[in-house]
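[1] Can you look at this prediction? I've put the sequence above it.
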Amino acid sequence: MDGPLPEWSEHTCGVCPAQELGPGRFDVVDRPGPEFAYNRAAGWRVDPNGNPVCVHPYRVGMPPGRYASAGDPLPDLNAATPAPTPAALELPTEVDDLEGWLVATLRVAAPEQMFTAVARAERLAGERFAPGVVVQALRRVLSIELANR
């Protein structure tokens, strides 16, 4: 497949290469970091060599792999979505990574703990980011995550 999977438009970040590129045309790494900076000209994050990178395997539904840069074989795209790693559950320092953290936080919450998980995430995020930004991110994330449960 050359283009992105239809579900990626809602499931991935607005600055993810999966919004425009198909499977195998970008790498997937296990978490955001300074080595995967957002490149305004490209419109997504890139690795130090300029390769497009998705930093949320649990959102794109593919395990970490160097699919574009090293030709790693594509995984079964119908396989179970990777679970968020412990690193993905650490509150980010950059607001651009807030939605990914919220998704990870809610994905690991048991259905009966969803209300508690949302309240905790809102409180923790509010300690680092402006309340309006947190509420806006929660609204976007909840509209997708709750619908997919």
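    Structure received.

[2] Can you give me the distance of Val15 to Val53?
    Val15 sits at a distance of 11 Å from Val53 (criterion: C-beta to C-beta, to the nearest Å). For glycine as for every other residue, the C-beta is placed from the backbone atoms N, C-alpha and C.

[3] Now do stretch 59-78: everything it contacts.
    5, 7-8, 11-13, 16, 18, 23-30, 47, 49, 51-52, 54, 57, 81-82, 100, 103 (C-beta atoms under 8 Å, 6 or more residues apart in numbering).

[4] do stretch 89-98 as well
    When contacts are defined by C-beta under 8 Å, 6+ apart, stretch 89-98 is touched by residues 15, 32, 38, 55, 100-101, 104-105, 108, 124-125, 128-129, 133-134, 137.

[5] For those residues, work out which two are farthest apart.
    Using C-beta to C-beta, the pair of the contacts of stretch 89-98 lying farthest apart is Tyr38 and Val108, separated by 25.6 Å.

[6] Show me where this protein has its helices.
    8-11, 57-60, 98-107, 114-128, 131-145 (DSSP state H).

[7] Make TSV out of those helices and add mean pLDDT.
    Formatted as TSV, these follow (pLDDT from 0 to 100):
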stretch	mean pLDDT
helix 8-11	90
helix 57-60	94
helix 98-107	94
helix 114-128	96
helix 131-145	93
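
[8] Turn these into a markdown table, including distance to Leu74 and mean neighbour count.
    Formatted as a markdown table, the helices of the chain follow (distance: least, C-beta to C-beta, whole Å; neighbours: other C-beta atoms under 10 Å):
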| stretch | distance to Leu74 | mean neighbour count |
| --- | --- | --- |
| helix 8-11 | 14 | 17 |
| helix 57-60 | 12 | 23 |
| helix 98-107 | 22 | 22 |
| helix 114-128 | 32 | 14 |
| helix 131-145 | 24 | 15 |
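
[9] Understood, closing this out.
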